[in-house]
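# Whatever this is, show me its structure:
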Amino acid sequence: MEWGITMEVNFILDFINSIWLQIPGVGSGPLGSADPLVKGIIQSALGIVGIAICLNLFNAVIRKKMVDQNKLRRLMKETKAWQKERMTAFRAKDQDKINEINKKSAYMNKMNMELMQMNMRPMMITFIPLILIFYFVLPPLFAYTVAVSPISLNFIPGGYFELTCTAEKVAESALPDHRQVCHHVNEVYFWAWYFLSSIAFSGIIMRVTKTTMDLS
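Predicted coordinates:
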């Protein structure tokens with residue numbers, strides 16, 4: 001249960017950190033290079049994994065310096081206990097207990113807001129370096145796509161947050177007047193590979209640096 005909470009919070013924070021990469025107008029086009037400095041799909045995939053680990057370590061150090069970890073865990077435990085007690089009362093349809101618990105709603109909302117601020121504060125420091133790295137350092141180093149997925153990873157409808165190449169993008173890349181972004185369906189964009197790598201290693205790094213959300 002605690003590991004699930006850790007992974008959920010990690011995913012949300014990494015998603016917020018990465019979603020701006022898809023905002024129209026932020027970049028001049030697909031991130032990456034038609035003639036990257038790092039050649040080869042394996043070298044590129046491993047290189048981005050290494051960068052994801054380094055940036056996660058940087059984020060963890062900033063987080064440890066800026067956030068009182070003991071206070072964070074105390075607030076999370078208190079919030080979780082209140083939510084559990086509230087859910088139990090609702091399931092038991094104990095109206096007296098529900099009314100008693102609801103008296104603490106304003107206090108718990110204040111605590112939740114404080115938790116959010118504690119989690120967002122380090123991100124305000126790491127946000128600008130992340131932008132600079134993604135738009136000035138990584139694009140010349142890596143190709144547009146650096147890995148291949150066995151299935152489509154475009155789970156969000158509307159084509160807004162695409163992690164893998166679609167058949168339409170492959171067809172566009174084949175046209176002479178378009179960038180050759182990808183050549184096969186389900187190729188993984190380099191920023192998306194970073195996003196997935198960051199999610200995969202963030203929990204481990206947070207445990208090693210003792211910045212985890214684990215309540216155990």
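
# Quick one: mean pLDDT for the biggest helix by length in the chain?
The longest helix of the chain (DSSP state H) is helix 105-132. The average of the pLDDT scores along helix 105-132 is 83.

# Let me see the ranges of the strands in the chain.
For the chain, applying DSSP state E gives strands covering 145-148, 187-189.

# Can you show me the helices along this structure?
Using DSSP H, helices in the chain cover 2-19, 41-66, 69-92, 95-102, 105-132, 138-141, 167-174, 190-208.

# For residue 152, find the nearest of those.
helix 167-174 (9.8 Å; Cβ to Cβ). Placement of C-beta: from N, CA and C, glycine included.

# can you pull the buried residues of that closest one?
Within helix 167-174, the residues scored as buried using 16 or more other Cβ atoms under 10 Å are 169-170, 172-173.

# For residue 97, state which of these is nearest.
residue 169 (54.6 Å).

# if I read this right, the closest one contacts residue 180, doesn't it?
No. Assessed by Cβ atoms under 8 Å, residue 169 is found out of contact with residue 180, at 10.4 Å.

# hmm, back to that, the longest helix of the chain: how far from the chain's middle?
The chain centroid and the centroid of helix 105-132 are separated by 14 Å under Cα atoms, centre = their mean, to the nearest Å.

# Now do it: which elements does it pack against?
Contacts defined by 3 or more Cβ pairs under 8 Å, 6 or more residues apart in numbering; DSSP states H and E place helix 105-132 against helix 2-19, helix 41-66, helix 69-92.

# ok, back up a step: dump the buried residues of helix 167-174 into JSON lines; add pLDDT and distance to residue 135 as well.
Output for these, formatted as JSON lines (pLDDT from 0 to 100; distance: Cβ to Cβ, whole Å):
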{"residue": "169", "pLDDT": "89", "distance to residue 135": "21"}
{"residue": "170", "pLDDT": "92", "distance to residue 135": "25"}
{"residue": "172", "pLDDT": "89", "distance to residue 135": "22"}
{"residue": "173", "pLDDT": "88", "distance to residue 135": "22"}
